[in-house]
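**Q** sharing a model prediction with you, sequence too.
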Amino acid sequence: MVSRFQTSLLIAMVAAAIAAVVYFTLTKVQPTSKILVPLPYSLDYAKDGGKILDAKGMGTGFSYIALPRSGVGYQPDKLLVDFATGTFKITTTPGIASTTSNSQINALAVGIDAPSQVSLLTTTLINPPAGTGKSEQGGLWFGNDQDNYVKLVVLSTPGGSVIQFLLEDQGVATNTKSSSTLVLNKARVSLQLQTNPNSKLITALYKINTDPWITLGSFTAPLEFLVLMRRG
């Protein structure tokens, strides 16, 4: 079985953050049944998606936020669903889910039963800004929390924008691959993660506008990334 999750994101301002679609994880207060979504699951932002609310009280369609090291990690004033354009606008903050920092705000999530099928997670960034070369980023992530995930992001570096695929396990970045420098600030950048519980591989692909998909690479996922835990 192949599951699909797709959404469109319009990054309003990116500042050292992951603005993303994510794999399900758990909290001490929220049961798994409230986080998991039925598959296939797609957000086109043509209507209220329910669940976590934006600045105007509209539903974003996301059901969970991966918590930072401190604070609640939720700032609705930075989120805006735009029904007119069918996009989700995210204004990010300087926080980042990286090694011991774990200061990402609005690390939005939905839950999928990843061990039961090959899963395809896809998002589109519209005109992602070039940034200042200080690791501003936005994209897609899959994992359990801010210490255990893979991310596929548009990343601002001193040399220009690249697409980065990175695996962090137990707070340590263990694998990373990046594209060559790209000009993306006037492009639609589609990002996709393919997860396979049988091979334990997570594969990253991207495409720019209507160009063909390009495979950036594959990582072997830690076991905990593909084991379903239930609470509640």
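**A** That came through fine. Numbering: from 1, shown residues only.

**Q** all helices of this protein, in order?
**A** Under the criterion DSSP state H, the chain contains helices at 32-35.

**Q** least trustworthy helix or strand in it by mean pLDDT?
**A** strand 2-13 (a mean of 39; mean pLDDT, DSSP states H and E).

**Q** pLDDT below threshold where in the protein?
**A** 1-33, 227-232 (pLDDT under 70).

**Q** what ranges do the strands span in it?
**A** Taking DSSP state E, the strands of the chain run over residues 2-13, 41-43, 64-65, 79-82, 87-91, 108-109, 118-126, 137-145, 148-157, 160-169, 172-178, 188-196, 201-208, 214-220.

**Q** let me have those strands in TSV, extended by distance to G71 and mean neighbour count.
**A** For every residue, glycine as well, the C-beta is placed using N, CA and C. Converted to TSV, the strands of the chain look like this (distance: least, C-beta to C-beta, whole Å; neighbours: other C-beta atoms under 10 Å):
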stretch	distance to G71	mean neighbour count
strand 2-13	20	19
strand 41-43	26	19
strand 64-65	11	22
strand 79-82	16	20
strand 87-91	17	22
strand 108-109	15	25
strand 118-126	25	20
strand 137-145	15	26
strand 148-157	19	25
strand 160-169	20	21
strand 172-178	23	14
strand 188-196	27	21
strand 201-208	29	21
strand 214-220	30	15
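
**Q** how about those strands in CSV, adding distance to D54?
**A** Output for these, formatted as CSV (distance: least, C-beta to C-beta, whole Å):
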stretch, distance to D54
strand 2-13, 12
strand 41-43, 12
strand 64-65, 13
strand 79-82, 4
strand 87-91, 8
strand 108-109, 10
strand 118-126, 17
strand 137-145, 17
strand 148-157, 22
strand 160-169, 27
strand 172-178, 31
strand 188-196, 22
strand 201-208, 26
strand 214-220, 31
